[in-house]
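Asker: any chance you could fold what I've pasted below:
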Amino acid sequence: MTKKKKETKPEGINIKLSKTQTRCWEYLMDTQTTDICFGGGVAGGKTWLGSLWVATNCIQYPKTRWLIGRTVLQTLKLTTLKTLLEVLSMMGLKSGEHYTYNQQNNVITFYNGSEIILKDLDFVPSDPQYDKLGSLEITGAFLDESQQLTRVAYSVVKSRIRFKLTEFNLKPKVLLTCNPGANFLKSDFYDPWIKETLEKGKVFVQSLITDNPHVSQDYIDNLRTLPTIQQKRLLQGSWNFNEGEDNVFDYESITSSVFRHEPNDNDTKYMSVDVARFGSDSTIICIWVGLTIIDIKEFKKLDTVQVSNEIKELIRVYGIHPGNIIIDSDGVGGGVADQVRGKNFMNNAKALHNQNFVNLKTQCYIKLSDMFKSGEISINVLNPEMLDTLTQELLSVKYKKLDSDTKLQITSKDEIKKILGRSPDISDAVMMRMIYQIKNNVKASGNYAIGIIR
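Answerer: Purely as a prediction, here's the structure:
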């Protein structure tokens with residue numbers, strides 16, 4: 001009879017943390033903080049610290065269960081898991097003696113019964129509420145590269161943190177590591193951190209490559225050869241840069257449009273309106289003089305009659321002809337358009353001039369992007385929070401890559417809502433103004449070409 005191999009505990013662990021990692025570690029180990037966002041730029045030691053935190057808890061609290069999540073499981077295995085295994089080795093933990101890794105069910109089991117569960121958290125339209133997590137109960141969670149996650153994924157994982165908390169007197173905690181992005185992390189963590197208005201229990205710890213003493217100068221110098229936008233995002237940790245090759249808009253053209261020029265009093269005045277269809281959405285009214293936005297009004301929880309009255313008052317104040325008022329009419333906006341004699345905007349209407357867009361909304365968004373890039377749009381609005389919200393929304397609009405010759409598409413409103421954690425009401429209102437530019441361009445016809453759709 002084969003004698004079962006005796007499992008032994010690891011020897012004492014002595015790992016030195018950087019100052020930034022130490023600050024984050026203190027929040028991870030306290031009894032007040034519940035949500036820690038640790039992020040900023042690349043190579044700040046974020047994934048390494050998250051791995052250390054989870055592994056330490058597994059050793060310290062027997063038979064607990066911890067989740068490490070990322071959007072794509074295969075990417076998690078190639079990146080985050082690799083770091084985790086390196087951390088386990090640094091801690092003196094040996095595979096087969098102190099832990100086993102089951103590659104079929106993606107679970108790491110420790111000698112004391114604790115587990116680390118590896119999970120993909122990508123959004124799947126057929127499972128919008130992440131039922132794939134089932135009745136899973138965990139003790140804590142580490143979500144790596146969280147700028148790629150949806151708010152729903154974050155919320156569902158948090159709701160699963162309840163396993164053995166009372167037994168060990170633990171606080172339910174989730175660690176989100178990230179690079180700068182335009183999803184819910186910016187509005188929930190970074191912006192409130194800047195304004196010193198973070199909710200109780202939440203913290204943001206800035207992590208930059210310069211905080212990591214183990215990164216070589218050659219690597220830093222190599223990052224300095226990147227395009228300016230990527231340098232500011234990945235090297236300097238700027239949260240105002242969130243661009244990829246599939247972005248419809250770019251940060252530079254948006255921010256440079258702020259007070260680009262004064263409105264011409266002889267230009268035609270317009271109003272574009274996105275009417276709230278749900279209780280959580282806002283009605284947004286944009287006032288234009290030519291291609292200059294001179295005012296953006298936001299109204300919450302107004303019925304159609306109240307919205308119509310607000311529009312009528314703005315018509316009176318600014319002297320806008322009803323023929324120059326465009327209103328989103330996919331929902332209740334149709335009734336508003338009738339009451340003020342404005343024009344109806346149908347998002348899924350056929351693109352004008354036979355251009356190769358899947359619908360009118362896509363055509364208008366891409367036209368808006370073109371006009372930002374050509375310097376024709378000017379946003380003359382003083383509200384910095386409104387400007388930041390608009391920028392986030394525009395940077396979340398992306399092209400959908402196509403597999404064959406077909407019409408151009410962009411991300412849907414529902415997809416953007418999942419990224420931002422809210423509806424892109426301001427950008428939708430701004431976008432609709434473009435219908436007048438497209439209608440007046442009677443020469444526009446045929447295919448619209450763009451190089452990144454393959």
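Asker: so which residues of the stretch 301-450 of the chain form strands?
Answerer: For the stretch 301-450 of the chain, the strands defined by DSSP state E, counting those that start in this stretch occupy 325-328, 343-345, 378-379.
Asker: and if you look at the stretch 151-300 of the chain?
Answerer: Assigned by DSSP E, counting those that start in this stretch, the strands in the stretch 151-300 of the chain fall at 173-178, 202-207, 269-274, 282-289, 292-300.
Asker: Serialize the ones you listed to JSON lines and add fields for mean neighbour count.
Answerer: (Glycine included, C-beta is placed from N, CA and C.) What follows is those, written out as JSON lines (neighbours: other Cβ atoms under 10 Å):
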{"stretch": "strand 173-178", "mean neighbour count": "25"}
{"stretch": "strand 202-207", "mean neighbour count": "22"}
{"stretch": "strand 269-274", "mean neighbour count": "25"}
{"stretch": "strand 282-289", "mean neighbour count": "22"}
{"stretch": "strand 292-300", "mean neighbour count": "17"}
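Asker: need those strands in TSV with distance to Lys77, can you?
Answerer: Listed next are the strands of the stretch 151-300 of the chain as TSV, based on distance: least, Cβ to Cβ, whole Å:
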stretch	distance to Lys77
strand 173-178	17
strand 202-207	23
strand 269-274	42
strand 282-289	41
strand 292-300	44
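Asker: Val273 against Asn344, yeah?
Answerer: No - assessed by Cβ atoms under 8 Å, Val273 is found out of contact with Asn344, at 10.8 Å.
Asker: so which of the strands of the stretch 301-450 of the chain is the most surrounded?
Answerer: Burial of the strands of the stretch 301-450 of the chain is given as mean neighbour count (mean count of other Cβ atoms under 10 Å); strand 325-328 ranks first at a mean of 26.
Asker: who are the packing partners of it?
Answerer: With contacts defined as 3 or more Cβ pairs under 8 Å, 6 or more residues apart in numbering; DSSP states H and E, strand 325-328 has these neighbours: strand 269-274, helix 333-340, strand 343-345, helix 425-432.
Asker: for Glu167, find the nearest of the ones you listed.
Answerer: Evaluated over the helices and strands packed on strand 325-328, closeness to Glu167 peaks at helix 425-432, with 45.1 Å, by Cβ to Cβ.
Asker: quick check: end-to-end length of stretch 267-284?
Answerer: 22 Å (Cα to Cα, to the nearest Å).
Asker: ends of stretch 356-364, what's the gap?
Answerer: Its first and final residues considered, stretch 356-364 spans 12 Å by Cα to Cα.
Asker: contacts for it next, please.
Answerer: Residues from elsewhere that reach stretch 356-364, judged by Cβ atoms under 8 Å, 6 or more residues apart in numbering: 345-352, 355, 366, 406-410, 431-432, 434-435, 438, 446-448.
Asker: could you list the buried residues of that stretch?
Answerer: 357-364 (16 or more other Cβ atoms under 10 Å).
Asker: got it, and stretch 153-172?
Answerer: 153-154, 156-158, 160-161, 163-165, 170, 172.
Asker: avg pLDDT for it?
Answerer: Stretch 153-172 shows a mean pLDDT of 96.
Asker: where does the stretch 351-454 of the chain dip in pLDDT?
Answerer: For the stretch 351-454 of the chain, applying pLDDT under 70 flags the ranges 401-406, 442-454.
Asker: quick one, helices of it?
Answerer: 360-373, 384-395, 413-420, 425-432, 434-440 (DSSP state H, counting those that start in this stretch).
Asker: show me what the last one is packed against.
Answerer: Packed against helix 434-440 by the contact rule (3+ Cβ pairs under 8 Å, 6+ apart) you find helix 360-373.
Asker: and the helices and strands packed on strand 325-328: which comes nearest Leu235?
Answerer: That would be helix 425-432 among these, by Cβ to Cβ, at 27.9 Å.
Asker: what helices and strands are in contact with that closest one?
Answerer: Looks like helix 425-432 contacts strand 269-274, strand 282-289, strand 292-300, strand 325-328, helix 360-373, helix 384-395 (3+ Cβ pairs under 8 Å, 6+ apart).
Asker: so how far is the fifth one from its chain's centroid?
Answerer: Translated: helix 360-373. How far helix 360-373 lies from its chain's middle: 21 Å, per Cα atoms, centre = their mean, to the nearest Å.
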